[in-house]
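>>> Structure, please.
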Amino acid sequence: MLSFGAGLCAAQPAPVTPSDFRFSGFGTVGVTDTRAPDGWGFLRSIDQPANLGGFRADTDSRLGLQLNYTPSSQFELVGQLLLTRRDSTATNGDAFEWAFAAYKPTADMTARAGRLNLDQFLLSDYRNVGFGYLFARPPVEFYGSIPSTLDGADFTKVWILPDSQWRAKVFVGQAKIEGITLSPGYGVTVSHETDGLLLRAGLSRARFESVSPGLQPLIAGLNQLAALPVPDVAAQASALSTRLNYRNTSITYATLGASYELREWVWSGELARVSGGPESTVTAGYASMGRRFGAVTVFGIASGATRTGPSVSVPTWGAELAPILGAAVAQQAQTLGTYGAVAANESIDQRTLSLGARWDIQPQLALKLQFDHTGIGANGGDLWAHSSPNAGHANVASLLLDFVF
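Predicted structure coming up:
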C-alpha cells in the first residue's frame, strides 16, 4: 500500500552508516490553465511572481536537489536547493530551502540549527515535494500565505510507546515571505502517531520586522498627508497609514492537523487561526479524502480561508483639499487615499472545491490531474495576482508529473 509522504526518499532518506554522502532530488513538471476575472493570475503561493492568468507552466514546476552528509552517528549536515520561479523580493540565498546541521545526543533527541523547515504543519517536511502528497499542490487557502523555512534552531524529543509515538518540538528563529520578515518567531509543535493516524497541534508567535515593499511608498505618501494642517484629512490619513504599517506588530498561529490511512482510503485536514497583525483574524482550513483503485487514487478537497476585521471607507478628500493644494494635487491626494483604502481592505476570502486523480506510474513517478473551482468574496482576492476588490469565480485545471530520485 502506497503511503503518501511517509516513505519520501527525497525529503526523508533511509538511515545510513556514518561518513555516507547521499544525493537525492525531486521535481514537478506541470501546467495550469486558469479561467478567472480579467487579469487575475493564479498563484500557488504569494511569494511567486505575479502573472496574468491563462495557460502557464511555471506555477508548480520546480526542481529540488538535496545532499546529506553523516560524519558520525550523531551528526548530520543537510542542504537542499529548490529551483523555481520567485518574486522580485527574493535573493539568491532564498533558493536554499534547507541548510542545517543536526545533532542527536541520544536516539530520541535531535537538535538542529541553520535554515530549517518550519515544522508546524502536516506537509512541513515535504511541502515542495509533489510526489509526497496526494493532490496537485498544498491547498492554497491554507499554505499559500505561510512561510516554508525558518532561519534558526529547533529541538525535538520523541517518546516511543508500544503502540504509538509522541513527538514534541520547540523552535525559534526568523521567517520571511513576499519580502516581509517575521522576527523573532518561536513556537511548539506536538505530534502523535498510531495505527495510520497522525495528529499534530502547533502554536507559534512572530513579530513583523518589516512590511511589504509594495506598501512602503503608499505609507510614505499617507504620512505626508497626515502632516497637513487639515484636521479631518490628517486624521484619516494617519489612521490609514497606521492600518497599513503593521511593522512591530505580532501575530499568533494556532494549528490543528490530522491524517489517516485505512486500507484504500486516505483522509487529511488542517485548521489554522491567525490572530494579530493588521487588526484582523484569519481562519483557514481544508479537508481531503482519497480512494485508491490499484495504481490510481481519486480524491476531493474542500478548502477555504476568510479574514474578519473592520473595513475602511474610501475617503473623500478632493473638495476639502482643492482650495489649499489646487485641483491637480488634491486629485493626487484623493487617488492616494483611494489606493490606501483598497490596500487596507485587501483580504483573503475564498473557498475552493477540488476534484482530481493521481496515477502512480512507477514507484518514483506520479501523474496528477486536478480541477479547482474557487469562489472569491469582495476584497477577498489577496491570494491572487492583480486581483480587484470585486467578488468573482475562477476555475483552474492542472496537469502535473511528480518525480523523486
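
>>> buried set for the longest helix along the chain?
For the chain, the helix that runs over the most residues, judged by DSSP state H, is helix 327-345. Using 16 or more other C-beta atoms under 10 Å as the test for burial, helix 327-345 gives A330, A333, Q334, L336, G337, Y339, G340, A341, A343, A344, N345. Placement of C-beta: from N, CA and C, glycine included.

>>> Quick one: residues contacting the second one.
It stands for A333. Listed by C-beta atoms under 8 Å, 6 or more residues apart in numbering, the contact partners of A333 are L225, V233, W317, G318, L321, L325.

>>> what's the spacing between the residue nearest to A227 when sequence neighbours are not counted and A333?
In this structure, A227 finds its nearest non-sequential neighbour in A234, 7.0 Å apart by C-beta to C-beta, 6 or more residues apart in numbering. Counting by C-beta to C-beta, to the nearest Å, the separation of A234 from A333 is 11 Å.

>>> Most remote residue from the middle of the protein, which is it?
Ranked by distance from the centre of the chain (C-alpha atoms, centre = their mean), the top residue is P323, with 47.4 Å.

>>> so which helix or strand takes in it?
helix 318-325 (DSSP states H and E).

>>> Mind listing residues that contact the helix or strand of the chain at the bottom of the mean pLDDT ranking?
The least trusted helix or strand in the chain, going by mean pLDDT, DSSP states H and E, turns out to be helix 318-325, with a mean of 88. Helix 318-325 is contacted from outside by L228, V230, D232, V233, V329, A330, Q331, A333, Q334, using C-beta under 8 Å, 6+ apart.

>>> Kindly reformat the buried residues of helix 327-345 as CSV containing pLDDT.
Shown next, in CSV, are the buried residues of helix 327-345 (pLDDT from 0 to 100):
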residue, pLDDT
A330, 91
A333, 93
Q334, 93
L336, 93
G337, 93
Y339, 92
G340, 93
A341, 92
A343, 90
A344, 89
N345, 89
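
>>> Can I get those in a markdown table including distance to S73?
As requested, the buried residues of helix 327-345 are exported to a markdown table (distance: C-beta to C-beta, whole Å):
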| residue | distance to S73 |
| --- | --- |
| A330 | 72 |
| A333 | 67 |
| Q334 | 68 |
| L336 | 62 |
| G337 | 63 |
| Y339 | 58 |
| G340 | 58 |
| A341 | 60 |
| A343 | 53 |
| A344 | 55 |
| N345 | 55 |
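
>>> picking that back up, so after the longest helix of the chain, what's the next helix or strand?
Per DSSP H and E, the first helix or strand lying C-terminal to helix 327-345 is strand 348-362.

>>> That following strand - contacts with which helices or strands?
The contact analysis (3 or more C-beta pairs under 8 Å, 6 or more residues apart in numbering; DSSP states H and E) places strand 348-362 against helix 140-143, strand 280-293, strand 296-308, strand 365-381.

>>> Quick one: closest of those to Y253.
Closest approach to Y253 among the helices and strands packed on strand 348-362 is made by strand 280-293 (9.6 Å; C-beta to C-beta).
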